[in-house]
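Asks: let's see this in three dimensions:
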Amino acid sequence: MAFFRNTTVNLLNLHYGVHALALSGGGAFFAVFLLRAGVPAPGVLSALAAILIGRFCIRPFVLPLGKRFGLKPLVIAGTILTALQYPLLAEVDGVGWALVALCVVSSVGDTFYWTSYHAYFASLGDAEHRGHQIGAREAVAALVGIVAPLLTGWALVTLGPRTTFGVTALVLMLSALPLLRTPNVAVLDDAPGSLRAALPGTLMLAADGWVASGYHFVWQIALFLSLGESFTAFGGAMAIAAVAGAITGLLLGRFIDAGHGRWIVWLAAGTAAATILARAAGYGDPALAVAANAAGALVVAIYTPTIMTAVYNQAQASPCTLRFHIATEAGWDVGGAAGCLVAAGLLALGAPMSVAILISLAGTAAALFLLRRYYRATDLAAAQIT
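Replies: Numbers count the residues shown, from 1 in each chain. The predicted structure is shown next:
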């Protein structure tokens, strides 16, 4: 398998797998723990929007640090900073200063980690094997996602939030160890044309952020409520979804790499839309909600490699991958924050949870349009070369 020959990408995927162990554990319970801690559903979504808005404001500061130190130290520092939010999460008790501190620390950590990680992965990966490499990455994340939510749900009930989220923070810090053996990537002092090159990717991730607002953030709240606010049942539902994701994670990236991106886009968007509809219909029914949540693993296996292959390849071809991802991640923040605020407003006005989930269909349509245009161009270019 040629796509496994890139040792650096293998180390990055090992890092991502350990990182995903924490995110599919404590990270998966972030929103629902806030709900259980006394923050109402519109308040949880508003807090998530505040984190994304904070990320948008902080993101420009990543560039001068990247120019000074390179990408690798930023990814390591971002990994450690993201860990610091979880001990704070355990201290939240309703709307108060602990929640404010959590939003601030989460904004800083997430900004430095995700911006530099995506730029780093784009720089060191192989364009011709991108779909495979992302598929492998997501398959690793799905595999660890089988056990982590089960353990986290059990730990929250038996050991309490301080111990549970403390372990999450420790695992996140340990995920930085594989990065010690990867090379640094310098950031150019000047890179004319970077923002223009990033515009298509920025629009793609803005659409993706809007999709995430209902499909992911609102849905986590809806699933938790559908399962009787049980941490163990919620963890079980996440584990079932991870099993489905692990089965399909390595199978679909090859079609993108083989020049079949245009029809994969239709499959990705169609699967996402069907899952959004299923989640809206499944709210309130435990069995249907678990099934709709499991269907989301197929969306991750199909949709994530499709959109991230497009974004990473554009980043690698741009004048500067870090500047590219500063712009595109800002787009995701805007889309995600806007969607969360709209959903919070709908719920505050008395709209049913299903309506807040369905707002993601607009983002799916936008992503379909943008990805079709990208893959049409790349598939045609590949056909001309051959």
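Asks: element containing Ala241?
Replies: helix 231-248 (DSSP states H and E).
Asks: and that helix, what does it pack against?
Replies: helix 30-36, helix 130-158, helix 219-226, helix 286-317 (3 or more Cβ pairs under 8 Å, 6 or more residues apart in numbering; DSSP states H and E). (Each C-beta comes from the backbone N, C-alpha and C, glycine too.)
Asks: of those helices, which is nearest Tyr16?
Replies: helix 130-158 (5.3 Å; Cβ to Cβ).
Asks: start and end of stretch 314-323, how far apart?
Replies: By Cα to Cα, to the nearest Å, the extent of stretch 314-323 from end to end equals 12 Å.
Asks: average pLDDT across it?
Replies: Stretch 314-323 carries an average pLDDT of 90.
Asks: so what touches it?
Replies: 62-63, 66, 71, 115-116, 118-120, 122-123, 125, 127, 185, 187-188, 191-195, 197-198, 200-201, 324-325, 328, 374 (Cβ atoms under 8 Å, 6 or more residues apart in numbering).
Asks: quick check: pLDDT value at the nearest residue to Ala20 once chain neighbours are set aside.
Replies: Once flanking residues are discounted, Ala20 sits nearest to Ala141: 3.7 Å by Cβ to Cβ, 6 or more residues apart in numbering. Looking at Ala141, its pLDDT is 70.
Asks: Ala141: neighbour count?
Replies: The tally of other residues near Ala141 (other Cβ atoms under 10 Å) stands at 24.
Asks: picking that back up, quick one: contacts of the helix holding Ala241?
Replies: Contacts for helix 231-248 (Cβ under 8 Å, 6+ apart): 24, 28-29, 32, 36, 138-139, 141-147, 149-154, 156-157, 223-224, 227, 286, 289-290, 293-298, 300-302.
Asks: the strand or helix carrying Ala119 vs helix 286-317, what angle?
Replies: Per DSSP H and E: Ala119 is located in helix 97-124. Computed by axes from the mean of the first three to the mean of the last three Cα atoms, to 10 degrees, the angle separating helix 97-124 from helix 286-317 equals 50 degrees.
Asks: in helix 97-124, which residues are buried?
Replies: Neighbour counts over helix 97-124 (16 or more other Cβ atoms under 10 Å) mark 98-99, 102-124 as buried.
Asks: for it, packing partners?
Replies: helix 7-23, helix 41-58, helix 62-69, helix 71-83, helix 85-89, helix 286-317, helix 321-348.
Asks: from the middle of its chain, how far away would the helix holding Ala241 be?
Replies: 16 Å (Cα atoms, centre = their mean, to the nearest Å).
Asks: try stretch 105-120
Replies: The answer for stretch 105-120 is 11 Å, by Cα atoms, centre = their mean.
Asks: contact partners of it?
Replies: So stretch 105-120 is contacted by 12, 50-55, 57-59, 62, 66, 71-72, 74-75, 77-79, 81-85, 88, 185, 311-312, 315, 321-322, 324-326, 328-329 (Cβ under 8 Å, 6+ apart).
Asks: measure stretch 214-229 end to end?
Replies: First-to-last distance for stretch 214-229 - Cα to Cα - comes to 19 Å.
Asks: flag every buried residue along that stretch.
Replies: So for stretch 214-229, counting by 16+ other Cβ under 10 Å, buried means 214-227.
Asks: show me where pLDDT drops low in the protein?
Replies: By pLDDT under 70, the weakly predicted segments of the chain are 1-6, 125-139, 245-262, 379-386.
Asks: and the residue nearest the centre of it?
Replies: Of all residues in the chain, the one closest to the mean position by Cα atoms, centre = their mean is Ala212, 8.4 Å from it.
Asks: tell me how far that residue lies from Gly26.
Replies: 19 Å (Cβ to Cβ, to the nearest Å).
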